[in-house]
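Chemist: sequence first, then the predicted structure:
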Amino acid sequence: MIFESWYWKRELADLVSEIQAWGPRHIQDRDEDVWGGESGFRVEKSLFQSAMVVRRLIDSHKVTDRLKGKSIPVLGYGAKMPEPHTTLSILGSVSIFEWFEMEKPEPLNMAPYNLASEILHSFTLEFIANDAGTNIDAFFVASERNQFVRAISIPCNTWVSILNSIIDDGVAGIEVKASSNGGDPKIELY
């Protein structure tokens, strides 16, 4: 359980800065592939660490119910194979574009916790840069949580907006209500 969320939120603010700032333009002077090596590592690390912090703050009751229950619009892309399957490759990841129906996006809504879980459990992660090649437009993830039956496109600005909302979110109170039928108590955060 996190006692003081300020430290975690400060770390989340640093991760937001890394996600927003990093892009191919930062490595033009290096002998490095645009999305390989150091650049890919930094973006991936920031994304995964931010997802871990989101889950940790929610699990520790440091995010209000209003924000925790927020519905985040994303796009899902069904697998080309009709039933649940595991995607494997020698490289440890599978191209989103080869395994999923990218021409048939389906609107989905996910809560911040579930979206963070998809990122943390992703087997495949790809970054899509804008046309100018200066920033990341979206992250595509395929997760073992859904048995690879779909991939999810998460716009970078949507993820950053969620992170900023969590940074700014302040739990003013907590209310624990006992169940009248002897079940588990209900915790409400506001």
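Modeler: Happy to help now that I have it. Residues are numbered from 1 along each chain as shown.
Chemist: run through who's touching the strand or helix carrying residue 10.
Modeler: In this assignment (DSSP states H and E), residue 10 forms part of helix 6-21. For helix 6-21, the external contacting residues (C-beta atoms under 8 Å, 6 or more residues apart in numbering) are 2, 42-43, 46-47, 49-50, 53-54, 56-57, 62, 135-136, 156, 159-160, 163-164, 166-167. The way it works is simple: take the backbone N, C-alpha and C, and place the C-beta from them, glycine included.
Chemist: can you select the buried ones among those for me in PyMOL?
Modeler: Command for PyMOL, covering only those of the contacts of helix 6-21 found buried under the criterion 16 or more other C-beta atoms under 10 Å:
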select buried, resi 42+43+46+47+49+50+53+54+56+57+62+135+136+156+159+160+163+166+167
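Chemist: among the contacts of helix 6-21, which ones are in strands?
Modeler: residue 136 (DSSP state E).
Chemist: take the contacts of helix 6-21 and keep only those in helices.
Modeler: When DSSP state H is applied, those are split such that 42-43, 46-47, 49-50, 53-54, 56-57, 156, 159-160, 163-164, 166-167 fall in helices.
Chemist: list the helices and strands the helix or strand bottoming out on mean pLDDT in the chain packs on?
Modeler: For the chain, counting by mean pLDDT, DSSP states H and E, helix 96-99 ranks last in confidence among helices and strands (a mean of 74). For helix 96-99, the helices and strands in contact under the criterion 3 or more C-beta pairs under 8 Å, 6 or more residues apart in numbering; DSSP states H and E are strand 122-129, strand 136-143.
Chemist: make it 10 Å
Modeler: strand 72-79, strand 122-129, strand 136-143, strand 150-155 (3 or more C-beta pairs under 10 Å, 6 or more residues apart in numbering; DSSP states H and E).
Chemist: let's have the ones you listed in JSON lines, adding distance to residue 113 and mean pLDDT.
Modeler: Output for the helices and strands packed on helix 96-99, formatted as JSON lines (distance: least, C-beta to C-beta, whole Å; pLDDT from 0 to 100):
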{"stretch": "strand 72-79", "distance to residue 113": "10", "mean pLDDT": "93"}
{"stretch": "strand 122-129", "distance to residue 113": "15", "mean pLDDT": "81"}
{"stretch": "strand 136-143", "distance to residue 113": "13", "mean pLDDT": "87"}
{"stretch": "strand 150-155", "distance to residue 113": "14", "mean pLDDT": "92"}
